[in-house]
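Q: okay, sequence plus prediction incoming.
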Amino acid sequence: MSIPTHVAVTTTLRDAKTLEMPWPFTGRADELELVRRSVAAGRAGLVLTGPAGSGKTRLVTEAVRGTDCARAAGTPETQDIPFAAFAHLLPETVTLHRAVQLLSGVRLLLVDDAHLLDGASAALVHQLAVHGRTRLLVVATDGVPVPGAVSRLWSGELLPRLALEPLPREETAELLTQGAGTGLEPLTVDRLHRLCRGDLRLLRELLTAVREEGLLVPVSDTERRAWRGPVPLTATVRERTAHVLGRTRPGERETLERLAFAEPLPLDLDTLDVRTLEQLEAEGLVTVDDHGATRLAHPLHGPVLRAAAGRLRARRLARTPQECGPALEAERAALALRIEQADVRATQTPVGEWLAAEGAPLPAPYAALRARFALLRGRLGEAAAWAREGLRTRPDDPSCLAELASAVAQSGDAPKENEGAAPAPSVWTAAARGDLDAAVRLAAAGDPYDPYDAYDAVRLGAPERAAGRLTGVFAAHADALARGDGPALDRAAEELERRGFLLFAAEAHAQAVRAHRDPHAARNARTRAVALARRCQGARTPALSGLALGELTARQRQIVTLAASGLSNRQIAERLTLSVRTVGNHLYGAYTRLGAGDRGALPWLMELPEPQPA
């Protein structure tokens, strides 16, 4: 059944606004593929849910781009008007039965903001799902009331449901780079990611305000920029925090402000009015831990309350960085213990993060240890950023200089002698300059009481130089590498990943690729190595070299190189005089061999260094 002529025009003003996004679509490759498959021929469709601002509309818009798709959307103003969401698709007067008949001929129907549908429109969507002749793509927001007819789409198993998670940190960094038009240093990315908690509209608003107000400043010796200081009170920020700024009950605003100005340290429960706290906790505005320490529940609320307070009030309530000294030292000691215990999984460090965000000076010993912790976790950009924070306080601090040089070198760059290089030759500066023999000698001659120094030899492929100096998972890795035991290397990599050593795990999997005799096991190891290395902020170490292109045919290498440069399948086909289908088949084969799940991995894979002789 064809759609009636009076509903031929389906693009609304809302659609046009949605399509004119100032930022390119980034990330969500797996979710995008799943949505596209769900609306392919023979499928019933999908319900997509997620928090407000998480990019649901942007995702489905990208998924249906270029398809014949009718669109409808709920709005707050029309929730009491029958069939209001479908007014542009239906006659002025229509019954539910007739509406189902008219829309059953639509091949694909996108229903946005389904939580705002009027009752008749919700019933229509449900009936279309029951009849099954129209593929439905339904979008609804979590945490708000949803019409029963809509919720029964997934609870009644009429349509599968995809719950959209917040954009991961790595993909947020990529999105911010696209939006800012420049690279942002990792502490700025972490701060924006933490403040917005997956709200991409808020993320864009904050970054735009920070950029327009000139708050992004260059980071020395890099092409990146950093943001320090207060949070701009934009219209969207005020809108998102109106329920906090607009508190009218006696004592609530005072309590919230006291908590805001106490950050990053928690306030003791005994110093606050319990009944007020109970009300704020019930509304999800504060949290109380097992020790009675109280904090604001959302990381954005504190900066906003501080920014909205008057100067005199802020002066009375503000806590100075000097008051954070004991807590900062406690964080440093906790991090040192985790390093000693070979467990570098993420841990909360609010004091250091608060001081860095405010632009306050950080003690060099703390900053050096933060850099060391981040480096062991494989977060190389973050490690360099913490080292630079320490160098702001003490420009010639040897520990911060050494950590910065190591982070830069493991990113594949050899620092110049006058640009942040460590005062003495180091393992990783030698490796970055291509002198692996010198790097192995330096690793073997490292601190005999520091297992991580000896472990560098294992990472460089010379486990015999670390004999007798390692224990635990590091010794297991060295033994497996010495024996050329692929499965044992994979097991060591899994344990390293569990303990938070993502770069070490990536390197162990990469070494397993070369040790495995089973091609299937080698491909699996490569998949894990690539996935982990992509999370390590640009790691370019010898163990990862040659990981990508070794098994590709000449034609696959040619097509992968073009795809990594940003060309579409059709553009590649035109350039090489091939069919689009042939290009797609070559790429699929390359993905399988490289362990890449999507096109987004290709630029990373193409940038891996060539292997150097040891």
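A: Arrived safely, thanks for sending. None of these values were measured; they are calculated from a predicted model.

Q: which residues of the stretch 201-350 of the chain fall in strands?
A: Taking DSSP state E, counting those that start in this stretch, the strands of the stretch 201-350 of the chain run over residues 216-218, 224-227, 267-268, 286-288, 293-296.

Q: so which elements touch the third one?
A: Right, the one you point to is strand 267-268. Packing contacts for strand 267-268, counted by 3 or more C-beta pairs under 8 Å, 6 or more residues apart in numbering; DSSP states H and E, involve strand 293-296. Using the backbone N, CA and C atoms, a C-beta is placed for each residue, glycine as well.

Q: is Q410 in contact with A543, as I believe?
A: No - Q410 lies out of contact with A543 (C-beta atoms under 8 Å); the separation is 10.5 Å.

Q: so for those two, which sits in the more crowded spot?
A: Q410 (28 against 25; other C-beta atoms under 10 Å).

Q: just the pLDDT for the more buried one.
A: Per-residue confidence (pLDDT) for Q410: 93.

Q: which residues touch it?
A: Taking C-beta atoms under 8 Å, 6 or more residues apart in numbering, we find Q410 in contact with 375, 380, 428, 431-432, 503, 539-541.

Q: partner residues bridging V286?
A: Assessed by DSSP bridges, V286 has beta-bridge partners L296.

Q: mind checking how far it is from A515?
A: As judged by C-beta to C-beta, to the nearest Å, V286 and A515 stand 53 Å apart.

Q: more crowded one of those two?
A: V286 (23 against 19).

Q: just the pLDDT for the more buried one.
A: 94.

Q: how much space between it and T248?
A: Per C-beta to C-beta, V286 is found 17 Å from T248.

Q: what's around V146, how many residues?
A: Neighbours of V146 under the rule other C-beta under 10 Å: 19.

Q: repeat for R394
A: With other C-beta under 10 Å as criterion, R394 counts 18.

Q: quick check: phi and psi on the closest residue to it other than its chain neighbours?
A: Spatial nearest neighbour of R394, chain neighbours left out: A364 (4.2 Å); criterion: C-beta to C-beta, 6 or more residues apart in numbering. As for A364, its main-chain torsions (degrees, to the nearest 10) stand at phi -60, psi -40.

Q: residues in contact with the residue most central in space within the chain?
A: For the chain, the residue nearest the mean C-alpha position is R169 (1.8 Å; C-alpha atoms, centre = their mean). Neighbour list for R169: 189-190, 193 [criterion: C-beta under 8 Å, 6+ apart].

Q: how about G119?
A: 82, 147, 149.

Q: the closest residue in space to T236 that isn't next to it in sequence and R58, how far apart?
A: Excluding its sequence neighbours, the residue lying closest to T236 (C-beta to C-beta, 6+ apart) is E205, at 3.9 Å. Using C-beta to C-beta, we find E205 at a distance of 15 Å from R58.

Q: what about Q322, neighbour count?
A: Count around Q322 with other C-beta under 10 Å applied: 7.

Q: could you check how far E353 is from A123?
A: Taking C-beta to C-beta, one finds E353 at 49 Å from A123.

Q: just the strands in the protein please.
A: 45-50, 70-73, 108-112, 135-141, 161-163, 183-184, 216-218, 224-227, 267-268, 286-288, 293-296 (DSSP state E).

Q: tell me the confidence at the closest residue to T287 other than its chain neighbours?
A: Counting by C-beta to C-beta, 6+ apart, T287 lies nearest to A297, which is 5.0 Å off, once chain neighbours are set aside. pLDDT, A297: 93.

Q: and A297, how close does it get to P350?
A: 14 Å.

Q: so for the residue in the chain sticking out farthest from the centre, what's the pLDDT?
A: Checked against the mean C-alpha position of the chain, the extreme residue using C-alpha atoms, centre = their mean is T93, at a distance of 47.6 Å. With respect to pLDDT, T93 scores 89.

Q: tell me how far it lies from P82.
A: Distance from T93 to P82, by C-beta to C-beta: 10 Å.

Q: contacting residues around the residue lying closest to L317 once chain neighbours are set aside?
A: Computed as C-beta to C-beta, 6+ apart, the closest residue to L317 that is not its neighbour in sequence is F261, at 3.7 Å. Residues near F261 by C-beta under 8 Å, 6+ apart: 305-306, 309, 314, 317-319.

Q: which of those residues lies closest to I339?
A: R319 (28.6 Å; C-beta to C-beta).

Q: report how many residues lie close to that closest one.
A: Residues within reach of R319, counting by other C-beta under 10 Å, total 13.

Q: that one and A262 touch, don't they?
A: Yes - the pair R319 / A262 is scored as a contact, 6.1 Å apart, by C-beta under 8 Å.

Q: got any ranges where this protein has weak pLDDT?
A: Applying pLDDT under 70 to the chain flags the ranges 1-22, 412-425, 546-552, 554, 591-614.

Q: that older thread, scan the contacts of R169 and report the most crowded one.
A: Busiest of those [other C-beta under 10 Å] is V189, holding 26 neighbours.

Q: how near is the nearest residue to that one once chain neighbours are set aside to R240?
A: In this structure, V189 finds its nearest non-sequential neighbour in A173, 4.6 Å apart by C-beta to C-beta, 6+ apart. Going from A173 to R240 by C-beta to C-beta gives 22 Å.

Q: same question for G446.
A: For G446 relative to R240 (C-beta to C-beta), the value is 50 Å.

Q: which parts of the protein belong to which domain?
A: By the assignment in automatic domain parsing, the chain contains the domains 5-163, 169-237, 241-319, 324-432, 441-544, 554-606.

Q: returning to that earlier point: need the strands of the chain in CSV with distance to E329, can you?
A: Formatted as CSV, these follow (distance: least, C-beta to C-beta, whole Å):
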stretch, distance to E329
strand 45-50, 40
strand 70-73, 54
strand 108-112, 51
strand 135-141, 43
strand 161-163, 41
strand 183-184, 29
strand 216-218, 28
strand 224-227, 25
strand 267-268, 20
strand 286-288, 24
strand 293-296, 18
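
Q: out of these, which is closest to V580?
A: Across the strands of the chain, V580 has its closest neighbour in strand 108-112 (22.3 Å, C-beta to C-beta).

Q: list the contacts for the residue lying closest to D447 once chain neighbours are set aside?
A: Nearest non-adjacent residue to D447, counting by C-beta to C-beta, 6+ apart: D453, 4.8 Å away. Residues in contact with D453 (C-beta under 8 Å, 6+ apart) are 427, 443, 446-447.

Q: just the buried members of these?
A: Neighbour-count burial (16 or more other C-beta atoms under 10 Å) applied to these gives 427, 443, 446.

Q: can you pull out the helices in the stretch 501-614 of the chain?
A: 502-515, 519-533, 554-564, 569-576, 580-594, 602-606 (DSSP state H, counting those that start in this stretch).

Q: which among the contacts of G119 end up buried?
A: Buried among the contacts of G119 (16+ other C-beta under 10 Å): 82, 147, 149.

Q: angles on the backbone of the second one, please.
A: Here is the backbone geometry of P147 (degrees, to the nearest 10): phi -50, psi 140.

Q: quick check: it touching L124?
A: No - using C-beta under 8 Å as the test, P147 is too far from L124 to be in contact (11.0 Å).

Q: max pairwise distance over the contacts of D453: which two?
A: Among the contacts of D453, V427 and D447 lie farthest apart (C-beta to C-beta), at 11.5 Å.

Q: who's in contact with L32?
A: Shown in contact with L32 (C-beta under 8 Å, 6+ apart): 59, 62-63.
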